[in-house]
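Asks: Give me the fold of what follows.
(chains A and B)
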Amino acid sequence: ILNVEQSPQSLHVQEGDSTNFTCSFPSSNFYALHWYRWETAKSPEALFVMTLNGDEKKKGRISATLNTKEGYSYLYIKGSQPEDSATYLCAFSGSARQLTFGSGTQLTVLP
Amino acid sequence: EAGVAQSPRYKIIEKRQSVAFWCNPISGHATLYWYQQILGQGPKLLIQFQNNGVVDDSQLPKDRFSAERLKGVDSTLKIQPAKLEDSAVYLCASSPLAGITDTQYFGPGTRLTVL
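Replies: Residues are numbered from 1 along each chain as shown, chains lettered A, B, ... in the order given. Coordinates of the predicted model:
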């Protein structure tokens, strides 16, 4: 059973704060790491797909880094806004070629 | 481009009843997935279709769950009979192919409550 862990489970930040959270995954048989954002009552939305060690991706105020050797990825949000409130999911793709999701980090940005 | 459509959005049933969920993927997407997301956990893959063939159903509880994808387009997921532990959000996703870096596009999900 693959173990994909995300931390923290939840956090509250003030508008304008920067924040980051972690996804840990198996360092062996790595193929890809996906990040999704899931707002309440909406569809999960793809943020990034990362495949190479040292990858850095950026989309607006959101960025992510990848370390496949030690098995972790960080997601950063700069200057959080209330509309960033969502659950952020990471998903590991290994040799089985299916996505194994973490349980997510629930972010609440307070105005 | 229209997204992945799912219906119903919400369903409440009593245990031992049957329920069915419907999914219409993005046009042209060959691969379709059904996930189960129990509160506090990440989505878990139940079944993956490539066109109208099953690629992976190893985590589908086949004694009560069934799924089909007619003509390689729409799909239905059925639970018969439902148990309390089936209360979850059922997500459908599609992708153009099944590559490891292919983005999966999700529908809004069906929230099932079993009483």
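Asks: C-alpha from now on. contacts and neighbour counts both.
Replies: Will do.
Asks: Could you pull up the mean pLDDT of whichever strand or helix holds residue B:32?
Replies: Secondary structure from DSSP states H and E places residue B:32 in strand B:31-37. Average pLDDT, strand B:31-37: 96.
Asks: Parallel or antiparallel, which strands does it pair with?
Replies: strand B:44-50 (antiparallel), strand B:88-95 (antiparallel) (DSSP bridges).
Asks: C-terminal to the longest one, what's the next element?
Replies: When you say that, I think you mean strand B:88-95. Downstream of strand B:88-95 (by DSSP H and E), the next one is strand B:105-106.
Asks: for the lowest-mean-pLDDT helix or strand in chain B, packing partners?
Replies: Least confident helix or strand, chain B: strand B:53-56 with a mean of 92, by mean pLDDT, DSSP states H and E. Applying 3 or more Cα pairs under 8 Å, 6 or more residues apart in numbering or on different chains; DSSP states H and E, one finds that strand B:53-56 contacts strand B:44-50.
Asks: so how far is the strand it packs on off the chain centroid?
Replies: For strand B:44-50, the distance from its own C-alpha centre to the chain's C-alpha centre is 7 Å (Cα atoms, centre = their mean, to the nearest Å).
Asks: got the strands paired with strand B:31-37 as JSON lines, with mean pLDDT columns?
Replies: Output for the strands paired with strand B:31-37, formatted as JSON lines (pLDDT from 0 to 100):
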{"stretch": "strand B:44-50", "mean pLDDT": "95"}
{"stretch": "strand B:88-95", "mean pLDDT": "96"}
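Asks: Adding mean neighbour count and distance to residue A:110, write the ones you listed out as CSV.
Replies: Converted to CSV, these look like this (neighbours: other Cα atoms under 10 Å in any protein chain shown; distance: least, Cα to Cα, whole Å):
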stretch, mean neighbour count, distance to residue A:110
strand B:44-50, 22, 30
strand B:88-95, 25, 26
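Asks: Among those strands, which comes closest to residue B:29?
Replies: Closest to residue B:29 of the strands paired with strand B:31-37, according to Cα to Cα: strand B:88-95, at 5.3 Å.
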